[in-house]
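>>> for reference, the sequence and a predicted model appear below.
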Amino acid sequence: MSNEKMVNVTTFPAVVGAILRHYRTTKGIEQKDLSEKTGIPQSTISRAEKGDVSVSVDLLDKLCYGLGVMPSQVFKDAETARTNLLKNDVEIRSDAKTSDLIKKGLVVVGIAAIIALIARR
């Protein structure tokens, strides 16, 4: 375990992924169906939703098209989430993947918590 103190932490890709997952599940769309509509492999969608990969602009555009949401709305929601996470003492790191943070023994904020914080507008 590292010498870092235990903190509540997430990554910006995890925040964006949680938002994309929220839109997908709210609209009742399965990952398989989104994959078929967008041509993006289901495994890539899953990894993006978990924050295991950073979503490129091209990937974000395709996912948003498939979800019927504007990319600008995803960024707006991400900024709302960032503000709410910081207010709740959650550190957002851009230098690591979620899986790397877990390996370091840091407390990772999950998707459900991120979505709850997005909802506080």
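It's in. Residues are numbered from 1 along each chain as shown.
>>> going by C-alpha atoms from here, please, whenever you check contacts or count neighbours.
Noted.
>>> in the protein, which residue is closest to the centre?
Centroid-nearest residue in the chain, with C-alpha atoms, centre = their mean: Gly17, separated by 2.3 Å.
>>> I'd say that residue and Glu49 touch.
Yes. Under the contact definition of C-alpha atoms under 8 Å, Gly17 touches Glu49, with a separation of 3.7 Å.
>>> so where do the strands sit in this structure?
Using DSSP state E, the strands of the chain run over residues 8-11, 90-93, 107-108.
>>> which of those strands sits most buried?
Comparing the strands of the chain on average neighbours per residue, with mean count of other C-alpha atoms under 10 Å, the densest one is strand 8-11 at a mean of 22.
>>> quick one: strands adjacent to that one?
Strand pairing for strand 8-11, determined by DSSP bridges: strand 90-93 (parallel), strand 107-108 (parallel).
>>> just the mean pLDDT for that strand, thanks.
The predicted model assigns strand 8-11 a mean pLDDT of 78.
>>> swap in stretch 89-103?
So the average pLDDT for stretch 89-103 ends up being 64.
>>> kindly report the same for stretch 70-78.
The predicted model assigns stretch 70-78 a mean pLDDT of 94.
>>> contacts for that stretch next, please.
Outside of stretch 70-78, the residues that reach it under the criterion C-alpha atoms under 8 Å, 6 or more residues apart in numbering are 15-16, 19-20, 60-61, 64, 118.
>>> now the longest helix anywhere in the chain: buried residues?
Secondary structure of the chain read by DSSP state H shows that its longest helix is helix 71-87. Neighbour-count burial for helix 71-87, with 16 or more other C-alpha atoms under 10 Å as criterion, is recorded at 71, 74, 77-85.
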